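S.K.: no sequence for this one, just the structure:
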């Protein structure tokens, strides 16, 4: 059962008790991601996520790792474009320890000057690692094309220049602005008692002024067709095509999930069967929707050889045109809808998954759907609903394309194909 509550200092709490489990997962969600950053802050959300594991006033970095290992738990974090999350998964008896450690990280980290300088090197290597992954570059380039100068176009990691320029004051000012109770949600899913949880959280997260819940910077799709080539001396050409999608809490998002499963989101999908299975032109080919608070997009990806990039692009465009003209078959629709129901339910069979689902939705949307409500939303989807979203989702006039690899001889051909 899902419940909402508040700590004495205003931090929102969302919890779900799962009495037949022995584990419990907890997350501290902060309304701070790359969309919140100004110029000199580029990458600050992600850098702070790293720094919070470098030692607090009570624990060294080594003690943080050893203490969680000693109870067989897992402690980690991630930064996304719209939020940062610190999370732990432990046996139910160790829930107070998990709360203590998470609060210590978020509220008492030292930000030692030497650690900051050392971590700059680590994060810059992470940026280089991403730049050495052409698939990642293709996805990031597509997002930048779709949103151009909007906040969602910014990379989560920042740039080497922005990271190298960070000072302790820059980072602490950013934390002071964003890491306030009004910007934080604590989520918890698993085997626990509500009263005991609230008592534990009030003790460990005590203090701090509520702070204003910061207004999010809104991003909208730039609109229009755009093509961008990133030249890299690699063996494959990595193609990403992007179209308009739906925001995180729009009903059409679930309809798009059904369309995605049929087009490129599964091994039985059209793209997988046509490009990989029937012709052997790619190892990796798929589609996916990305949803944010106010917007979303739908992307298709394929990695293929330089000599077959033109053919693969033509095949993708052909499948898109078939969908525009004829929509899904009844067999595809039924299979995709059942796949969506099954993958959703199987994905919820862990305290980690439920903790992540309820925490993210509470932070970004201010509401949480039960499993029953989600299943009802899926069940309501009809073939007519899928047909209705096709003009928006597969709008050729709003298509953005990123190509990464040896594209010098291909660029004009690809651009010409995409503009037909």
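M.R.: Cool, the structure landed. None of these values were measured; they are calculated from a predicted model.
S.K.: in the stretch 101-250 of the chain, what spans have low per-residue confidence?
M.R.: For the stretch 101-250 of the chain, residues meeting the criterion pLDDT under 70 lie at 208-216.
S.K.: For residue 272, see how far away the closest residue to residue 361 other than its chain neighbours is.
M.R.: Once flanking residues are discounted, residue 361 sits nearest to residue 368: 4.9 Å by C-beta to C-beta, 6 or more residues apart in numbering. In short, each C-beta sits where N, CA and C put it, glycine included. Here the distance between residue 368 and residue 272 works out to 33 Å (C-beta to C-beta, to the nearest Å).
S.K.: Am I right that residue 258 is in contact with residue 338?
M.R.: No - with contact defined as C-beta atoms under 8 Å, residue 258 and residue 338 do not form a contacting pair (9.8 Å).
S.K.: So the two - more neighbours on which side?
M.R.: Ranked by neighbour count (other C-beta atoms under 10 Å), residue 258 and residue 338 place residue 258 first, with 27 against 13.
S.K.: list the contacts for that one?
M.R.: The contact partners of residue 258, by C-beta atoms under 8 Å, 6 or more residues apart in numbering, come to 328, 333, 336, 337, 340, 381, 386.
S.K.: go again using 10 Å as the cut-off
M.R.: Taking C-beta atoms under 10 Å, 6 or more residues apart in numbering, we find residue 258 in contact with 265, 328, 332-340, 378, 381-383, 385-386, 389.
S.K.: Make a PyMOL selection of the buried ones in these.
M.R.: To isolate the buried ones among those in PyMOL, judged by 16 or more other C-beta atoms under 10 Å, type:
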select buried, resi 265+328+332+333+335+336+337+339+340+378+381+383+385+386+389
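S.K.: What's opposite the closest residue to residue 72 other than its chain neighbours in the beta bridge?
M.R.: Nearest non-adjacent residue to residue 72, counting by C-beta to C-beta, 6+ apart: residue 91, 6.9 Å away. According to DSSP bridges, the partner residues bridging residue 91 are residue 23.
S.K.: Other residues contacting the helix or strand containing residue 196?
M.R.: Assigned by DSSP states H and E, residue 196 falls within helix 194-204. Identification of contacts with helix 194-204 by C-beta under 10 Å, 6+ apart yields 1, 3, 5-9, 11, 13, 15, 17, 24, 26, 28, 95-104, 106-107, 186, 188, 192-193.
S.K.: how much space between the residue most central in space within the chain and residue 292?
M.R.: Geometric centre of the chain, nearest residue: residue 80, 5.5 Å, by C-alpha atoms, centre = their mean. Counting by C-beta to C-beta, the gap from residue 80 to residue 292 is 9 Å.
S.K.: Need the residues touching each of these two.
M.R.: Common neighbours of residue 80 and residue 292, using C-beta under 10 Å, 6+ apart, are 33, 35, 364.
S.K.: Pretty sure residue 312 sits against residue 280.
M.R.: No - Residue 312 lies out of contact with residue 280 (C-beta atoms under 10 Å); the separation is 11.1 Å.
S.K.: More neighbours: which of these two?
M.R.: When neighbours are counted by other C-beta under 10 Å, residue 312 and residue 280 differ, and residue 312 comes out ahead with 22 against 9.
S.K.: Just say helix, strand or coil for the more buried one.
M.R.: At residue 312 the chain is in helix, as set by DSSP: H, G, I helix; E, B strand; the rest coil.
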